[in-house]
Every structure is written in structure tokens, then in C-alpha cells.
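Trainee: Give me the fold of what follows.
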Amino acid sequence: MKKWKFLAATTLLTLALAACGAEEKTEKDTTSTDTNTEVTSSEDSAFPMTVSPLTSKTEDAEAGTTTVFDDVTLEAMPKRLIVLDIGFLDTLDALGVEGVVGIAEASSGFPEHLKEKYGSGKVDTVGTLKEINLEAVAALEPDVIFISGRQTAFYEELKEITPNVVFIGSDNEDYMDGVKESIDLAAKIFGKEDKAEELKTNLDTKVAELAEKASGYENALVAMYNDKKLSGFDNGPDSRFAYVYNDLGFKPATEGIDASSHGSDFSFESILAVDPEVLLIVDRTASDEETVKAEIENDIIKQTRAYKEGKIVYLDGTTWYFSSNGATTEVTKIQEVLDELK
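Mentor: I've put the predicted structure just below:
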């Protein structure tokens, strides 16, 4: 009898312990599930998210057309990205955003810091910056497509592939603020706000550093070299490089240059007539500096103040013309000028 009672007690104890273990396991499983749900919920809590274009519309004076850009509602964080602006690709890369499946091919290539990750066929290309291959875009099944001014003509057709076409180009007014707005837009979509603040602070520091340097010069002129031709740029609202004066602090050597994003035809004699203290040459051809120097520094330019005082600065067209507006490329551009004007 005592033996039966002992066995019964042992059995009951074993069952009780087993029940406790099962209950504990259930609690752990429930906790684990709840934690995973919480993480997933945290990642998705910002969505659906509506983002607005950085510019509401653009006008093409030559074609006589106006393109209005829509707000875009993203149901979830995009995983497959097509990026058709090199500057914005730079910003995404600086923020640590992954998932780029398609890019536009630039005639001058990519800035050095982007080549390793995105150049030479490492990511699919869907045409050039101005000629988009719509079939290639559709084949990549993007969750979102980021475009800027060069792709405006394809806006409506791209929206037929996905409604999530975000215009990230900004106008020339408050240029550096536009760069920071693009950083904020990318950070909002991909949850990179802390890194965005770091990037914007770094940009502000560099802008202030160059503005202080620029204030020490009487004036400057930005000119672009392209296939043995020159274009001049002032601080007008339609000037591609107005920000060099308005944001970076250089005083324009002349004003009233014909308004155009590509500048106006400018002769060597025009530069001599303006006679800037600092002459900034953007090499759109992205050729080697010695070749450009041989073209620019002729007998006429040698008479200018900029030449005599060693203040002709040659700027990389890859960053200054093809990949502007990026979080890293803008800092690189500013540093290039600072290095040359030591």
C-alpha cells in the first residue's frame, strides 16, 4: 500500500513538473511570437506612407509643356528600387539603403565612390539618364522609381509600370536646402533619420567653410567646358550653377547672362571682359585636366586676373554636372574647390 502511494505520488509529481514545463514553454513561445510581431509592427508602422515630390511641377519652355508630379502612397517599405538620378543614388548609398535593382547609365560614368557597388554591370541598367528603356524597367518589377528632371518626359509612361514614381528633383531656388530635403525624403521612406542628421550636419559644415573662403574674393565666374565650347553662368534663377553664388558665397563677376540651365555661349573674350578673380571651369566632357587646360589657358585667358593669380579651378564634370544633389557628391564638390583655393 505504501509502495502504491509512493508510486502514485511520484507519478503526480512528474505530471505536475511536465505541466509546468509545458506552461513555461508556452509562455516563452508566446513571448517570442509577441517580440517578433513587435519588431515587424515597428518596421511597418510608418506605412502606408504618402510622400510628396520635391518639386510639384516642371515646365519645358522649348516644348511648351508642363508636367505635374503626384504624391505617392507607399503601402510598405520598398524593397526593389530603380534610381534614375545619380545624385539621389549617392544619397541612398550614403544612408545605407539597400535594394537598388536598376539604374540609369551616365555617359561619363559614376563618381569613384559609387563605381565599385553600382558600376560595370553590377546593377542592371535601364537606359541612359535621358533615354529610358521602359521594357527593362518593367522587367525589374520595381516597388518604387525615383526620377529627376532628365526623365520628366517618361513620367507618365513610368507610372503605367508602377504608380510609385517619386520625383526627387528640386528647383534651383535654395539649392542646398533642396539637397537636404532629398536626404530627408529618403530617410523618411527607409527609416534612416539618424544617419540623415549626420549627413546634413556634415554638408552644412562644408558649406559654411567654403562660404567663409569665398567671402575673401572680390568675385568669381562659373564657366562650363564642353567639346571646345564655353558656357557662362551667373546667379540668375534659371542658372544651373546659381548656387555657387547664392549658397556657397562667391560674388558673381557679372550678371544678366542669358537664362539657361546650360548657360550661354561664352567666348574667351567674354571671360577676359569680365576678368574674374576666380574662374571655376566645370569640365562636362570629364576629360583629363591637362587636355582641358591646354584648351582653356590660351593667350587670351592668360591676360585674366584669375590666370595671373593662379585662381583657375578645374572641376570634375562627373560630380558637378551628372551627379549633383547627392549627400556625398555635394560635399566632394565643395572640398574640391577648397583644395584648389588653398
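Trainee: Check the average confidence over stretch 100-114, would you?
Mentor: Across stretch 100-114, pLDDT averages out at 88.
Trainee: Show me which residues of it are buried.
Mentor: For stretch 100-114, the neighbour count (16 or more other Cβ atoms under 10 Å) marks 100-104, 106, 108-111, 114 as buried. C-beta: built from backbone N, CA, C; applies to glycine.
Trainee: Next, give me the two most distant ones among those.
Mentor: Maximum pairwise distance in the buried residues of stretch 100-114, criterion Cβ to Cβ, is 22.7 Å, between 101 and 108.
Trainee: picking that back up, could you tell me which of the buried residues of stretch 100-114 belong to strands?
Mentor: 100-104 (DSSP state E).
Trainee: Show me which of the residues you listed is closest to residue 325.
Mentor: Distances from residue 325 to these, taken by Cβ to Cβ, are shortest for residue 104, at 14.3 Å.
Trainee: what's near enough to touch that closest one?
Mentor: Residues counted as contacts of residue 104 (Cβ atoms under 8 Å, 6 or more residues apart in numbering) are 83-86, 125-129, 132, 151.
Trainee: Restricted to buried residues, select those residues in ChimeraX.
Mentor: To isolate the buried members of the contacts of residue 104 in ChimeraX, using 16+ other Cβ under 10 Å:
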select :83,84,85,86,126,127,129,132,151
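Trainee: So which of the contacts of residue 104 are in helices?
Mentor: residue 86 (DSSP state H).
Trainee: Can you add distance to residue 70 and pLDDT and give the contacts of residue 104 back as TSV?
Mentor: Shown next, in TSV, are the contacts of residue 104 (distance: Cβ to Cβ, whole Å; pLDDT from 0 to 100):
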residue	distance to residue 70	pLDDT
83	19	98
84	17	97
85	18	96
86	23	95
125	26	95
126	21	97
127	22	96
128	25	95
129	22	94
132	18	97
151	15	96
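Trainee: Please, where are all the strands along the chain?
Mentor: In the chain, the strands defined using DSSP E lie at 49-51, 57-60, 65-68, 72-74, 81-83, 100-105, 124-128, 144-147, 165-167, 220-226, 229-233, 264-265, 278-283, 312-316.
Trainee: Counting by contacts, list what the last one packs against.
Mentor: Strand 312-316 is packed against strand 278-283, helix 289-296, helix 327-340, with contacts defined by 3 or more Cβ pairs under 8 Å, 6 or more residues apart in numbering; DSSP states H and E.
Trainee: now the fourth one
Mentor: With contacts defined as 3+ Cβ pairs under 8 Å, 6+ apart, the secondary structure elements packing on strand 72-74 are strand 49-51.
Trainee: Return the distance of the strand it packs on from the chain's centre.
Mentor: Put simply, strand 49-51 sits 19 Å off its chain's centre (Cα atoms, centre = their mean, to the nearest Å).
Trainee: can you tell me how far the nearest residue to residue 228 once chain neighbours are set aside sits from residue 213?
Mentor: The shortest distance from residue 228 to any non-neighbouring residue, by Cβ to Cβ, 6 or more residues apart in numbering, is to residue 295 (6.0 Å). From residue 295 across to residue 213, the span is 27 Å (Cβ to Cβ, to the nearest Å).
Trainee: Check residue 289 too.
Mentor: From residue 289 to residue 213 the distance is 21 Å (Cβ to Cβ).
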